[in-house]
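*Asks:* I'd like to go over a predicted model; first the sequence, then the structure.
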Amino acid sequence: MKVLNYRILLREEPEGGFTVLVPSLEGCITYGETLDEAKKNAREAIELYVESLQADGTPIPSDNFLEYTLQIEHA
């Protein structure tokens, strides 16, 4: 069994909870009321996404990004 690693981005929503984006898997987005729930839902969403790719015979993308945060000042 191959181990896959994916970076997730969690965005706190103004109405509460967290939206989760998986940049390496286009359209793989989920939500959780708490951080723990959001991470659990992200794991499930990624697993289902990868299973779907495998079933279709589509290559599974890897998460090999360089990440850098830019700080921008604005008035």
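*Replies:* It's in. Numbers count the residues shown, from 1 in each chain.
*Asks:* Are we agreed that Glu37 is in a helix?
*Replies:* Yes: under DSSP: H, G, I helix; E, B strand; the rest coil, Glu37 sits within a helix.
*Asks:* you'd agree Lys40 is in a helix?
*Replies:* Yes: with three-state DSSP as the criterion, Lys40 is located in a helix.
*Asks:* burial of it, as a residue count?
*Replies:* For Lys40, the count of nearby residues is 14 (other CB atoms under 10 Å). All C-beta atoms are positioned from the backbone trio N, CA, C, and that covers glycine.
*Asks:* how near is the residue nearest to it when sequence neighbours are not counted to Glu47?
*Replies:* Spatial nearest neighbour of Lys40, chain neighbours left out: Gly32 (6.9 Å); criterion: CB to CB, 6 or more residues apart in numbering. As judged by CB to CB, to the nearest Å, Gly32 and Glu47 stand 15 Å apart.
*Asks:* and the residue nearest to the spatial centre of the chain, what does it touch?
*Replies:* Residue closest to the average C-alpha location in the chain (CA atoms, centre = their mean): Val22, at 2.2 Å. With contacts taken as CB atoms under 8 Å, 6 or more residues apart in numbering, Val22 has the following neighbours: 6-9, 28-29, 42, 45-46, 49.
*Asks:* buried residues in stretch 54-62?
*Replies:* With burial defined by 16 or more other CB atoms under 10 Å, the residues of stretch 54-62 counted as buried are Pro61.
*Asks:* Alright, I will stop here.
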